[in-house]
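Colleague: quick one: sequence and predicted model below, then my questions.
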Amino acid sequence: MSRGAPPGIRITQRDLAEGIEVDFSEEEEHWNTYKLSDGTLLKVKLVIRGVKRLKRYNPDGSPIYVIQSQNVVRTLNIPKEIKAKPKESTFKPV
């Protein structure tokens with residue numbers, strides 16, 4: 001899980017296990033908006049679900065954080081010619 005760590009710093013399972021859960025609140029969450037070549041508007045937002053501060057530090061002395069996140073994706077203005085026919089719902093009305 002060392003993908004987010006700076007070069008030369010390897011994050012181990014022990015580092016994760018010893019990490020401290022850090023509470024957080026949303027200050028701002030923005031959508032990134034992209035216009036695709038087929039005309040579709042793609043909106044993407046990274047939503048943080050959890051944060052851990054490791055007992056490890058970057059070379060500049062700042063603590064290393066690991067996040068658990070989810071990407072939320074929304075599409076708008078999809079051209080009709082690239083949409084598939086909607087499937088029949090498998091849910092029965094109550």
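Modeller: On my side now, so go ahead.

Colleague: give me the low-pLDDT residue ranges for the protein?
Modeller: For the chain, the stretches flagged by pLDDT under 70 are 1-7.

Colleague: what ranges do the strands span in it?
Modeller: Assigned by DSSP state E, the chain shows strands spanning 20-21, 32-35, 41-57, 63-76.

Colleague: list the contacts of the nearest residue to L36 once chain neighbours are set aside.
Modeller: Using CB to CB, 6 or more residues apart in numbering and skipping residues adjacent in sequence, the residue nearest L36 is L42, 5.8 Å away. No exception for glycine: its C-beta is placed from N, CA and C like everyone else's. The contact partners of L42, taken as CB atoms under 8 Å, 6 or more residues apart in numbering, are T33, Y34, K35, L36, V73, R74, T75.

Colleague: bridged to L42, which residues?
Modeller: In this entry, L42 is beta-bridged to Y34, T75, by DSSP bridges.

Colleague: hmm, back to that, let me have the contacts of L42 in TSV, adding neighbour count and distance to E27 as columns.
Modeller: Converted to TSV, the contacts of L42 look like this (neighbours: other CB atoms under 10 Å; distance: CB to CB, whole Å):
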residue	neighbour count	distance to E27
T33	12	20
Y34	10	23
K35	10	27
L36	13	29
V73	8	22
R74	11	21
T75	11	27
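
Colleague: farthest pair within those residues?
Modeller: Using CB to CB, the two most remote members of the contacts of L42 are K35 and V73, lying 14.7 Å apart.

Colleague: of the contacts of L42, which is the nearest to I9?
Modeller: Among these, V73 lies closest to I9 (CB to CB), at 30.3 Å.
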